[in-house]
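Colleague: My questions concern the predicted model and sequence given below.
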Amino acid sequence: MAPQATTADLVIRNATIVDGTGTPARPGDVAVGADRISAVGDLSDIQGSRELDAGGAVLAPGFIDAHTHDDRAVLSDPLMSCKVSQGVTTVVTGNCGVSLAPLHVDDRPPPPLDLICETPDGFYADFGAYLDAVDADPPAVNAVAQVGHSTLRLGAMDRIDRPATVDEIRVMRGRLEKSLEGGAVGLSTGLFYPPAQAAPTEEVIEIAKGLTAFGALHTTHMRDESDHIASSIDETLRIGRAAGIPVVISHHKCAGAPNHGRSEETLALIDAGRHGQPVGLDAYPYVAGSTMLDSGRLMGASRIIVTWSTQRPEVAGRDLADIAAEMNCSMDDAVEALKPAGGVFFMMDEADVRRILAYPHTMIGSDGLPHDEHPHPRLWGTFPRVLGHYRREVGLFSLEDAVRKMTSLTARQFGLKDRGVIRAGAYADLVLFDADTIADNATFDRPKAPASGIQMVMVNGRTVWHDGAHTGDRPGRALRLQDLDPPQAA
Ligand code: ZN
Ligand code: CU
């Protein structure tokens, strides 16, 4: 055991420590030296250059947002208030098949790539250069980045409405491998979306085989999250087995009224899969999703709110049904008039959302879209909503288990070395919150409201959020594959 320091940069005293592993909360102190936690326990013999009395509040590892589209936000809005205000200290980017690298484009990229960046100058031909840009002008949070399969397709194919040829697959796999060398942590697919819809399973397998030697993982916005969800889970498991890699099912849901209640079936499929191979999943705590608006793809939603529109920016925040009624046309025709555009889709069942959130292997991921004019409230509310609404009010899980789902579980899944846990030697990514009052304030009507109850947030030993305000500090880092542990069955 290392000799205990008698001084520290900071000692946080009288905290209720919820260490992220799921073990019961315990009272204690935490000392921080430089960017790490130096000691945990009764630290009355340690003097801090700074001291903070937690007054019994909960001190937890900073939350890890398992599923984000913050690829450009970490560069264009590096304070990342939407995330640090929730206690998030690390974001996983490059999801749903879309990433800013490796790709060169000359024009506005097709949807859904435009959800992360509408202009060609935001893309990076080299993945390592993207991560270097993050480190050169760092955000307030740490970032872990994946390569998007749709991004690879756009860069390697003249047309994306067909399967890739053997040569194109070779090019994509080469670019994936070079990106992994540059620090990417995995490959995401968005087989649901037009740029990747025509990709057969075999194409994904052949590209994903590039992950195996690197110990990298694969996440997926599956081909179908509604009527054909069971075969999509099968496809995901098959890709994982064929390439010998861990897979993560993104934002797991059962969409559309005919599929409500099917999470019993889908979680059983995931459970069965986990007996033979590493399978993970994430979810956000809402019955509505959000993505691009596309006619013919309204996903059986019972209600749709427009989140942004290039043609009619003034309609952001309004119901698509009202807009269509005003225009005296069908919803699909209204979408054609608004495009490119995005929407919030009410398409899930509350019982499914609860069952999926409570499943022991489900990580919490916001899937927030940071550039939307009128975003889904998950962008600002996900983590406090899990801790306030679903943990305290609904009683879906214990405080310790809720924290585990947003910290150590996610850190293990992505191999985030020395993060997601409070122990001596781990990075000082910390959040201090009041478990009795923590609450999301972002709503579908007023989506950009910061949460209540988050008292202090620290990233790599530096305070980024205190008493309801950003400190302005930006101590985040790009976390590269080479600095991580191999992903572990979580
Ligand atoms: Zn997605
Ligand atoms: Cu997503």
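Modeller: Great, that's in hand. Worth saying up front: this structure is predicted, and the values here are computed from it rather than measured. Ligands and ions are numbered 1, 2, ... in the order given.
Colleague: Return the list of strands paired to the strand ranked longest in the chain, each annotated with direction.
Modeller: Ranked by residue count under DSSP state E, the longest strand found in the chain is strand 7-17. According to DSSP bridges, strand 7-17 has the following sheet partners: strand 26-33 (antiparallel), strand 47-53 (parallel), strand 58-61 (parallel).
Colleague: His221 is nearest to which of those strands?
Modeller: His221 lies closest to strand 58-61 among the strands paired with strand 7-17, at 26.8 Å (CB to CB). In this view, the C-beta of every residue, glycine as well, is placed from N, C-alpha and C.
Colleague: Skipping its backbone neighbours, what lies nearest His67 in space?
Modeller: Of all residues not flanking His67 in the chain, Gly365 sits nearest, at 2.8 Å (CB to CB, 6 or more residues apart in numbering).
Colleague: Please read the previous query as pertaining to Ala435.
Modeller: Here the residue nearest Ala435, using CB to CB, 6+ apart, is Val58, at 4.9 Å.
Colleague: and the one you found, what are its bridge partners?
Modeller: Thr16, Phe433.
Colleague: what pLDDT does it get?
Modeller: Looking at Val58, its pLDDT is 99.
Colleague: For it, list the residues it contacts.
Modeller: By CB atoms under 8 Å, 6 or more residues apart in numbering, the contact set of Val58 is Ala15, Thr16, Ile17, Val18, Ala25, Leu399, Val403, Leu432, Phe433, Asp434, Ala435.
Colleague: Packed most tightly, which of the strands paired with strand 7-17 would that be?
Modeller: strand 58-61 (a mean of 28; mean count of other CB atoms under 10 Å).
Colleague: How about the next helix or strand after it and ligand 2, any contact?
Modeller: Using DSSP states H and E, the next helix or strand after strand 58-61 towards the C-terminus is strand 63-65. No: using CB under 5 Å from the ion, strand 63-65 stays clear of ligand 2, with a minimum separation of 11.1 Å.
Colleague: So which elements touch strand 63-65?
Modeller: Packing contacts for strand 63-65, counted by 3 or more CB pairs under 8 Å, 6 or more residues apart in numbering; DSSP states H and E, involve strand 88-93, strand 362-364, helix 378-385, helix 408-414.
Colleague: got those as a markdown table, with mean neighbour count columns?
Modeller: Formatted as a markdown table, the helices and strands packed on strand 63-65 follow (neighbours: other CB atoms under 10 Å):
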| stretch | mean neighbour count |
| --- | --- |
| strand 88-93 | 30 |
| strand 362-364 | 25 |
| helix 378-385 | 28 |
| helix 408-414 | 26 |
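Colleague: how about the closest residue to ligand 1 within the stretch 101-250 of the chain, what does it touch?
Modeller: At 3.3 Å from ligand 1, His221 is the closest residue in the stretch 101-250 of the chain, using CB to the ion. Contacts for His221 (CB under 8 Å, 6+ apart) come out as Asn95, Cys96, Gly97, Ser188, Thr189, Gly190, Leu191, Phe192, Tyr193, Ser250, His251.
Colleague: ok, back up a step: count of neighbours near the residue nearest to His67?
Modeller: 29 (other CB atoms under 10 Å).
Colleague: ditto for the one 4 residues further on
Modeller: Here the count is done by other CB under 10 Å, and Leu369 has 24 residues near it.
Colleague: Asp418 now?
Modeller: 17.
Colleague: Would you confirm that it contacts Ala428?
Modeller: No: contact criterion CB atoms under 8 Å: Asp418 and Ala428 do not qualify, at 10.1 Å.
Colleague: any shared contact partners between the two?
Modeller: Arg36.
Colleague: still on that earlier bit, just send the strands paired with strand 7-17 back as a markdown table, with distance to ligand 1 too.
Modeller: Putting the strands paired with strand 7-17 into a markdown table (distance: least, CB to the ion, whole Å) gives the following:
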| stretch | distance to ligand 1 |
| --- | --- |
| strand 26-33 | 36 |
| strand 47-53 | 38 |
| strand 58-61 | 25 |
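Colleague: Next, work out how far apart Ile239 and Asp19 are.
Modeller: Going from Ile239 to Asp19 by CB to CB, to the nearest Å gives 34 Å.
Colleague: Arg262 and Ala351 touch, don't they?
Modeller: No: Arg262 is not in contact with Ala351 according to CB under 8 Å; the separation is 10.5 Å.
Colleague: So which of the two has more stuff around it?
Modeller: Between Arg262 and Ala351, Arg262 has the larger neighbour count (other CB under 10 Å), namely 19 against 14.
Colleague: tell me the secondary structure for the closest residue to the more buried one other than its chain neighbours?
Modeller: Excluding its sequence neighbours, the residue lying closest to Arg262 (CB to CB, 6+ apart) is Cys254, at 4.4 Å. Here Cys254 is recorded as coil under DSSP: H, G, I helix; E, B strand; the rest coil.
Colleague: Tell me how many other residues crowd Cys254.
Modeller: By other CB under 10 Å, neighbour count at Cys254 equals 26.
Colleague: just checking, it touches Asp227?
Modeller: No: between Cys254 and Asp227 there is no contact under CB under 8 Å: 9.9 Å.
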